[in-house]
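Undergrad: Fold the following for me, if possible:
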Amino acid sequence: MTPEDAFYFAMAKVKDLETDGIDITITPSKSKDDQDLINKYCISDKIPPELWHNICFKFTDKAQINKIRKHANYLAMCGISFDIGGTTGIRDWEFD
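TA: Reported below is the predicted structural model:
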């Protein structure tokens, strides 16, 4: 699987979560135009900067956070890694 294939596969999983009723906001990364970061991180096994995105999940109950965790774990088992963060009621994924 190419990095671009992995990105689109992961985004399909994000859309699955949205279909399940989880509130999701997808925004292009502000870093995609930072030439220093591009030079540092844009290597052959990474997605290109135009695909860098931040995904914010707003969940309302344990069932929703468990679905988000399940999808994150599945993507990791597929060899797709990304940054994860968040706080109460919010989970963030960063694809870059």
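
Undergrad: hang on, residue 86 packs against residue 92?
TA: Yes. Counting by C-beta atoms under 8 Å, residue 86 touches residue 92, with 5.1 Å between them. (C-beta placed from N, C-alpha, C; glycine too.)

Undergrad: which neighbours do the two share?
TA: Shared contacts of residue 86 and residue 92 (C-beta atoms under 8 Å, 6 or more residues apart in numbering): residue 57.

Undergrad: Show me where the chain has its helices.
TA: 3-19, 35-41, 62-77 (DSSP state H).

Undergrad: Any chance of the ones you listed in CSV with distance to residue 48, mean pLDDT and mean neighbour count as columns?
TA: Listed next are the helices of the chain as CSV, based on distance: least, C-beta to C-beta, whole Å; pLDDT from 0 to 100; neighbours: other C-beta atoms under 10 Å:
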stretch, distance to residue 48, mean pLDDT, mean neighbour count
helix 3-19, 7, 96, 15
helix 35-41, 9, 75, 11
helix 62-77, 19, 96, 14
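
Undergrad: So which of these is nearest residue 54?
TA: Closest to residue 54 of the helices of the chain, according to C-beta to C-beta: helix 3-19, at 11.2 Å.

Undergrad: which other helices and strands contact that closest one?
TA: When contacts are defined as 3 or more C-beta pairs under 8 Å, 6 or more residues apart in numbering; DSSP states H and E, helix 3-19 packs onto strand 23-28, strand 53-58, helix 62-77, strand 90-95.
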